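>>> give me a 3D structure for the following:
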Amino acid sequence: MNNSIFGHLESSLNGYLADLTRRGESADPAAATRIANGELPRVVAALQAVLDEHRPDEQGRCPSCRKRLFGRAPAPCRAYLAAHLCLLVTEDDQPYSDTRQLGAR
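From the prediction side, this is the model:
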């Protein structure tokens with residue numbers, strides 16, 4: 001494991017998401033409702049905060065993803081593309097059989 005601060009943040013966030021997934025998958029309907037009511041707003045707020053950092057400028061460029069001073073960042077922004085693929089593309093539309101593979105990329 002990476003001993004940097006980022007490594008610890010990454011580890012705890014991955015643990016939280018894995019625990020949330022595990023609890024959601026094994027919960028009875030009443031427990032699933034409690035989990036959704038408590039955790040879903042937090043997850044949505046976290047995703048919105050990330051996407052806010054990648055909001056395109058007036059030319060449609062992501063200021064966070066721009067690699068070169070005068071270069072154009074790839075379009076669409078990777079953060080928006082990943083969110084869109086994970087949340088809005090149906091299983092039938094995905095080139096992968098398991099939607100969790102997309103989130104791991």
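>>> Arg61: what secondary structure?
coil (DSSP: H, G, I helix; E, B strand; the rest coil).
>>> that one: neighbouring residues, count only.
For Arg61, the count of nearby residues is 16 (other C-beta atoms under 10 Å). For every residue, glycine as well, the C-beta is placed using N, CA and C.
>>> from Cys77, how far out is it?
Going from Arg61 to Cys77 by C-beta to C-beta, to the nearest Å gives 8 Å.
>>> show me what the biggest helix by length in the chain is packed against.
Of all the segments of type helix in the chain, defined by DSSP state H, the longest one is helix 29-53. Applying 3 or more C-beta pairs under 8 Å, 6 or more residues apart in numbering; DSSP states H and E, we find helix 29-53 packed against helix 5-26, helix 78-87.
>>> residues contacting that helix, please?
Leu20, Arg23, Gly24, Ala27, Ser64, Ala79, Tyr80, Ala83 (C-beta atoms under 8 Å, 6 or more residues apart in numbering).
>>> what's the farthest-apart pair in those?
With C-beta to C-beta as the measure, no two of these lie farther apart than Ala27 and Ser64, at 35.2 Å.
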